[in-house]
Structure formats: C-alpha cells, structure tokens
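Visitor: structure of the sequence below:
(chains A and B)
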Amino acid sequence: TMAATKTSKEQRYDRQLRLWGDHGQEALENAHVCLINATATGTETLKNLVLPGIGAFTIVDGHTVSGEDVGNNFFLSSSSIGKNPDKLLDNDPEFFHRFTLVIGVQLPESTCLRLGSVLWSASVPFLVCKTYGLIGYMRLVVKEHTVIESHPDNALEDLRLDQPFAELKSHIQSYDLESMEKKDHSHTPWIIIVAKYLEKWLSEHNSQPPKNYKEKEAFRQLIRQGILKNDNDVPEDEENFEEAVKNVNTALNPTKIPTAVEDLINSEQCSNITSQSASFWVMLRAIKEFIQSEGNGSLPVRGTIPDMIADSQKFINLQNVYREKAMQDAAAVSKHVECILQSVGKVSCKNASFLRVVCCRSLAEEYSVDSVNKDEITSYMDSPDSEMVLYLMLRAVDRFYQQHSRYPGVYNYQVEEDISKLKLCVNSLLQEYSLNVNIKDDYIHEFCRYGAAEPHTVAAFLGGSAAQEVIKIISHQFVPFNNTFIYNAMSQTSATFQL
Amino acid sequence: MNLLLFSLFREKKRRRVVELTEKMVVDGGTGTRCEWEGRWNHVRKFLERSGPFTHPDFEASTESLQFMLDTCKILVIGAGGLGCELLKDLALSGFCNIHVVDMDTIDVSNLNRQFLFRPKDVGRPKADVAAEFINSRIPGCCVVPYPFESNAFCVEFHIIVCGLDSIVARRWMNGMLLSLLVYEDGVLDPSSIIPLIDGGTEGFKGNARVILPGMTACIDCTLELYPPQINFPMCTIASMPRLPEHCIEYVRILLWPKEKPFGDGVGLDGDDPDHIQWVYQKSLERAAEFSITGVTYRLTQGVVKRIIPAVASTNAVIAGKGQNPGIVKFAYIPLNNYMVFNDVDGLYTYTFEAERKENCSACSQVPQDLHFSPSSKLQEVLDYLTESASLQMKSPAITATVEGKNKTLYLQSVASIEQRTRPNLSKTLKELGLSDGQELAIADVTTPQTMLFRLSFTS
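Guide: Okay, the predicted model is just below:
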C-alpha cells in the first residue's frame, strides 16, 4: 500500500531525513544521474547515491572488465551502456541533456573538455572525479548554483536589540524589573534583561551602545548590579542574570545584512528579473524590495530565539513576538513576490541571512591560456609542497597521456624511463601557461611510481566526498565546494582551489 | 552497539605493524586463496615500488603483500555504518584475515548506509551478515564474525580498527589495549603495542585517529574533545518547559515510570513504535499545556533514542581515511594522528597531533589524586568522578581498605548493594573511616581495569 511504502521509506531513510528533510529527499528521488566509467571511484560514488535513494542512474562505460578492475571494485555487475563517451559526444551529444547531473570519472583530458563544453551549454552540472595513485581530485563545473538552505554551523542570532521593532519594544516595555517578585525576576528571559539595561545605558551615554571591551565590561557590571539581593545584601542566585551577562556580546551584535547576501542583492541577476529567472532570484529581489520598504534597511526577521532560562510563559510569549514578526515580514515579502511574478509559493524567510550562490568557472576557462588562474596557482606554489603541486602533476600526467596514449609507469619497467618523459610534460605545461613555479623532482618520480593506480581506499574516500557534493547540487541544500578539491592520501590533507 | 570485553592475548610477544619482514605465527586459516591475473595490481604499486615519500624504514618488496594476504590479522569492532565500509576497504586492499565483532542486529534504519545488509536481513546479527557478504563477494577473504559478547578472546591481532557508536565503548577498548602493554624496568616494550585506529561520524562530520597505546595520545587523553551530551535540567523538564524536547523528556523521564502504560516493569523501548506513539501523544498534551509547538513523531523518536543523523557518504569518507593508515601505514608515515572532516560547506579537513595528557587517568600511569576535606561527603566524591571533564565516569563503584578489610563504599549496578551502601553517600569521608593518603579503588564501565586513586585531604 502507499501508506506502507511511505512508512517503510521513512524508516529506512530516517537518519538522513533528519539532515535534509522530506523536500531534500524528494529532490533526490526525482533526480537522474549519469556516471561515466564504472571504475572503483565511479561505483563507490554511485553506491553512495543509491543508498540514500537517488531516483535513477545511467552508466556509460565502454571498457571491458579486467583482472585488476575486479581487484579494486566492489561491484562486478552493473547495467551499463557499453558505448564509450567519446562516441556519444560524436554522435549524440544531446544524450546528456536529460540528466540532473553528470559524474565523469577517470576521464582523459580531451574527453573531459569536450563533455565539459556540451554540459556547460546545456547548463547540466558536471562533477569530474579522478583517483590517481594516492591523490584524489574533484572539479565541480556548474554555472550558477543557488542555495536557499545552507545550514550554517555557527549562525549569529537575529535578536534586533540594537533596533527593536515596534512589537518587541512594547513587549519589553511590559516588563518592570524593579517591581517584580523574586520568582518572576529570576525567570525573566535574558533578552528582556539585556534590552532593559541597554535602554538605561543608552540614556546615560548619548544613545551610544557599548562598543569596546571596556564599555562592554561596564555594561556587564550594570546588569550584575540588577541581581536581587537578600536581606543581608548578598546577591541571590539568579541564573537568568548570569546568562544575560554571558550573552552581552551576542546581544550587542549589530543587525546587519551579511556581505554574501549584500553581494547577491546587488548582483545583475537580481536587478534583471525576467520570466526565465529562477525562483531563487525572484525571492531575492522581493527581499531587496522589502529591505528598501517595510524592512527599513534590514532583512526580514528570522523569528527564532535560543533557549534560555525563563518560566514557560515568559519564554513562549517572547518567542511568539519574534515568530509573529517573522510571519508578518514573510507575508510582506510574499506580496513583493506576487508583484514581481504571478506564481507564488509559500515563502519562508528564515534563511534570508544564509542564501548562497556558487558559480564555478567552466573547464574551458580553466584550461585556456588566456584565462588560466595564474595568480591562484603561483601563490599556492610559494609553498612547494602545497596540494597545488598535485594539481599541476595531474595536468602533466594528462599531457603525458595525450602524447603517449598511456599513463606513465603503468608497468614496472616503465617507471624509471618515464620519469624523464613526464618531466618534459611538466616543463611544457609550465611553459605553455607561463607559470614561473618549481616542481620538485620527487613529485615527478612519485607520479611515475603511481602508475595510474586506483587504490580502493582512495576511491572510497573520493566516492564518499563526490556523492555528498552531488546530493548538495540536487537538493540545493548545504554549500558545494568551488571548484577544485585535492586530497592527498599520503599526508591525509586536502585543499580547495578556485581555478 | 554495547561492545565490551576482550582479553586479546595469550602469547606475550606483540609485534609492531611496521616490522613486516619477519614471519609471524598466527592461528586461523586464510580460506581458499583464489588469485587471478592482475588482482592486486593497484595495491602492488605501493608495496613493490620504492618512492621518494615513503617511510624511512620501508623497503619495497613482494613480501609486504604476502604478509597482508597471509598473515596480517585485523580486528574490526563494529559492523555498522563505519564497519561495513571498513570491511570492504580492508578486503579490497589485500587483507584476508579479518575478525569482526558486533552484538547488534540489523534494523531497517540501518539500510540507508550499511550496504552489506538487505531488507531480508533485518533482525539478523550484523556481524554474521557482514561476514557472509564479504566472504562471498571477495574470493579468498576470510571474515570471522563474533555476534556475541566475548570474554575470552585469545587471538593476536596486528591492528584494531574501531567503528563504534559510543564513547564508553571506545574508552573500554582503549583501556583494554593499555592493559596489554608490557613495561620492563619502566621502559615500554614496543612489541606489546597494538595500534588502534578509531573513527566516528555524525551527519556531515567525522574524525579518524591513530592511537599507539603507551606512545601517542589515547582516547582518555582527549576526552574533552567530545562534546558533552545534552541533558536538560530537571526543574526545566518538571515545571518550566520551553522547547518541544523538554516536553518529550518529561514524558520519558517522569510520566512513563508513573503511568507504566505497557505494564509494570516494562521499560521504554525506543525501537517499539507503539511505545514511541504513546510518548508522542503524551508529549503533544504536555506541549499544549504550555503553548509549545514543534512536537513531531520524528522529533520524539530522535529524543528518546538519542538519534544521531547519518548518511552513507560521511561513513565512506571516514572509513577511507581511517583505513588508509592500514596500507599506507606499511609504506608511508602513518597519520599523525588526529584528523577531522566536515563537508557542510565545501569540504574541510584538518589534521593535528593530539598530545598525550601528562596525568591521563588511563595511560599516564600517574596515580590520580582526589582532593577533598575529611568533612566532605562521599556524594561529593561521586559527583566529581562523574562530572569531571577528564574522568566522565558513568556509575563508579568505590571500594577502599578500611581497618584491614575491603569495604564497598558505594556500588550502583547491583540493586541490593546500592540500597545497602546508599546511606554512605551522605556520610563524611572521616565518618567512613578513610584517612589521608589512602587508596580508593574505583571501577566503572569506562575502564576495564580498576582505577586506583589516592585520597589527599585538604584542610
């Protein structure tokens, strides 16, 4: 039955639903992913997408299985389209347009660039993955990826104590700390306490809030003085006041639009809304208009407050003040959305501070001599053992493949003699891009030693990393990397570059 | 998983993993070996070729692979999210002698990441099913399952890899390996060290670390790194709830024991949907009383079972990283020694060397002091043992030698003894006959060996 299937899916996916919710799961189940090359890295990535419930997948792989494939690959039988991707690109490049995202694994440079160009024009996100010896490599290619739910780890609270809205002001005014009974006094939320003492401070300091450490300390003292004293003039145990003192910094955080959001609001996509604009930009434009009108220069109120010591009623009442304001603001934003476009869905603005957009450069831009990111490469190469050297070696190895139709050092007898050949590739690479950097011979030796091996543990690590990035793209939750990720299994370190 | 207990050894001699070239005498067969051309090509390139970044003691040879295939014995503790990944990674890296311990059975909610299990396996022991799957998928690999608590475990292992879901279990394992260390004239015999590779994941975060007992930081050295478990104050739960979680805890802790909805003595079983449904309904009622919104079935289950979100990808990453020291360890310098991973925003990794704690209660061999005044009550000592960030004991049992006799001062785990010794908690240390400098022997689930503390009276 439908109900039974739903329950069993809820049970099965329970642990991940707590991370990306039912709507994230829905996006995953509606996605169709294409994997090119079912190598160990490829199948590991796919496994980590099948397990959480990806809707459909297609494997394109023209290779036949060899003994060493069976040695490092957990999945022997896969239904694959036995064509090779180059043929598809020749005969039917639009084949790839149907996919939500394409994952290209262990691709030679030429195929990768061709595929990259087709997918870029079709606006299909492309994730390139490669395990090369003890090095893992990922490159995300997506023109514009919007994220409404970024789920930041450490978000600042949105308390508006520096510019309390009308309802918050009158709620604060309804409290008279001086005339309260002890029970009420000790269970007043710290937000109210700070607000009250801030009022006092402002009236005594020319409307200037505490700014530096000295002033904040003085402010804390002011609050402490408010703690009730018993008959022997000894301060009572009022935990809510202790909380107020502890949270002075949080409370005094100025209400500000985060730079990331400012940039988005001032971007071209936000200014030029057309019928083609994604709902993300429509919402952003509506928020911009809100800021300029009802918001008085600020974002819609988020509406959540942290837990704090208080009796239930006081806490809930305070929470509701923020919640109702948030709903009011969201309704105002909705009206703006209506004015911008006819269709409107339910708008929640609680993520307004956390909106993100990730734009990756195309492979063509990365590889072109005219637009290569020289600065990024040379500045990282100031440390000659930075992961950037591994990126350059991967590029050199690709070059070697182009010239010799094989990778260096695959067979034992080749290791020694390929070192000088690979070195020539390194030099020609650096020359072509006018990169004035030095690559230690040790790395050239090491990459010959790798012999294009794909050890399972590195494939497994990369497969996990890649799958999660794919899930981020599909669900539009959490923030994908931008745009090159390198993992060094020797030192167990990693780095992200924007190339 | 409620892991516990290994006595791992019979023979005294232990070898460090890095000493590869000597022949080892280990019991247990390897199963029928069935090799084919090229099977270990990917692995061979690292073991049979020299390179500029390898460990200074490493010598390329064909013997390393043979050691891994024939002799090296690995113990994997936990066949869950990390465990499944670890077993696969080890088997495909050339390790053919693997033992796996897990006392749990398979649940539907495991299936989103524990890929060695299928819906038809629900209810079966994890260790058994995992071993079956690997053994049939990877020819020649022999995984031996232990789906039960094993007290007398007398096998030599070269490496132990943990994929546990509880800190208590980790500390137990840690204590176990420390108890195996041999000191000769105060100097640690390196052959008694069994390396421990430990990993853990939570949502999109994870960590992996390498522990060489007696040499590097142990689990207890870095106990403060673990975030404290959230426990709401009783007064909040009982009379001043504010969050939906408070309402659920109220039902779990206070209402259930009072109303005994499923009969006398029937404890709340987080895996029983009927139990959770009851808690959910009652939590809604409680929440309505205080105008609190947000109680859902999912939240109820999450709070009652203390559910930690989990996905396949993080487990794959941490197992890949954690196991790496396994093969990479043979050829390269191993992870030194603690690595964290977070892919909420991009991908973030950070590696650092966790340092040994000078007075670590588990590995430092420095006697632990307890500073109390003679007029302190025993309850204060108990509180210190459970609340101290560096000890974090669960339910310590305290014994001491008083007037020549061994006296149990307080013990929680046996009801009759708990009742008998409970009055001691409100007695002062002086009243209990304890003197300055005397030893207290303390046992707890967090340590396999009784810990000795020295009582030091303050004025």
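Visitor: rest of the way, CA atoms for contacts and neighbours
Guide: Fine.
Visitor: contact residues of the stretch 251-400 of chain A facing chain B?
Guide: Contact residues, the stretch 251-400 of chain A versus chain B (CA under 8 Å from any CA of the partner chain): A:307, A:310-313, A:315-316.
Visitor: would you list the buried entries among these?
Guide: Among those, those buried by neighbour count (16 or more other CA atoms under 10 Å in any protein chain shown) are A:310-313, A:315-316.
Visitor: hmm, back to that, tell me which two of the residues of the stretch 251-400 of chain A next to chain B sit farthest apart.
Guide: A:Asp307 and A:Gln313 (13.1 Å; CA to CA).
Visitor: rewinding a little: any chance of the residues of the stretch 251-400 of chain A next to chain B in JSON lines, plus distance to A:Arg98, pLDDT and secondary structure?
Guide: JSON lines is the format used below for those (distance: CA to CA, whole Å; pLDDT from 0 to 100; DSSP: H, G, I helix; E, B strand; the rest coil):
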{"residue": "A:Asp307", "distance to A:Arg98": "47", "pLDDT": "95", "secondary structure": "coil"}
{"residue": "A:Ala310", "distance to A:Arg98": "55", "pLDDT": "96", "secondary structure": "coil"}
{"residue": "A:Asp311", "distance to A:Arg98": "56", "pLDDT": "95", "secondary structure": "coil"}
{"residue": "A:Ser312", "distance to A:Arg98": "53", "pLDDT": "95", "secondary structure": "helix"}
{"residue": "A:Gln313", "distance to A:Arg98": "54", "pLDDT": "96", "secondary structure": "helix"}
{"residue": "A:Phe315", "distance to A:Arg98": "51", "pLDDT": "97", "secondary structure": "helix"}
{"residue": "A:Ile316", "distance to A:Arg98": "49", "pLDDT": "97", "secondary structure": "helix"}
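Visitor: let me know the closest of those to B:Arg118.
Guide: Of all those, B:Arg118 sits closest to A:Asp307, with 41.0 Å by CA to CA.
Visitor: quick one: contacts for the spatially most central residue of chain B?
Guide: Nearest to the mean C-alpha position of chain B, by CA atoms, centre = their mean, lies B:Arg170 at 2.2 Å. Residues in contact with B:Arg170, defined by CA atoms under 8 Å, 6 or more residues apart in numbering or on different chains, are B:162, B:164, B:219.
Visitor: avg pLDDT for stretch B:92-102?
Guide: The pLDDT scores in stretch B:92-102 average 91.
Visitor: where does the prediction get shaky in the stretch 301-450 of chain B?
Guide: B:323-334 (pLDDT under 70).
Visitor: same check on the stretch 301-450 of chain A?
Guide: Applying pLDDT under 70 to the stretch 301-450 of chain A flags the ranges A:342-347.
Visitor: the stretch 101-250 of chain B: strands as residue ranges?
Guide: Using DSSP state E, counting those that start in this stretch, the strands of the stretch 101-250 of chain B run over B:142-146, B:159-162, B:183-184, B:187-188, B:196-202, B:205-211.
Visitor: what ranges do the strands span in the stretch 101-250 of chain A?
Guide: Using DSSP E, counting those that start in this stretch, strands in the stretch 101-250 of chain A cover A:101-105, A:126-132, A:135-141, A:145-147.
Visitor: dump the ones you listed into TSV; add mean pLDDT, mean neighbour count and distance to B:Pro139 as well.
Guide: Formatted as TSV, the strands of the stretch 101-250 of chain A follow (pLDDT from 0 to 100; neighbours: other CA atoms under 10 Å in any protein chain shown; distance: least, CA to CA, whole Å):
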stretch	mean pLDDT	mean neighbour count	distance to B:Pro139
strand A:101-105	97	25	26
strand A:126-132	98	24	24
strand A:135-141	98	25	27
strand A:145-147	93	20	44
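Visitor: and stretch A:465-483, end to end?
Guide: End-to-end span of stretch A:465-483 (CA to CA, to the nearest Å): 13 Å.
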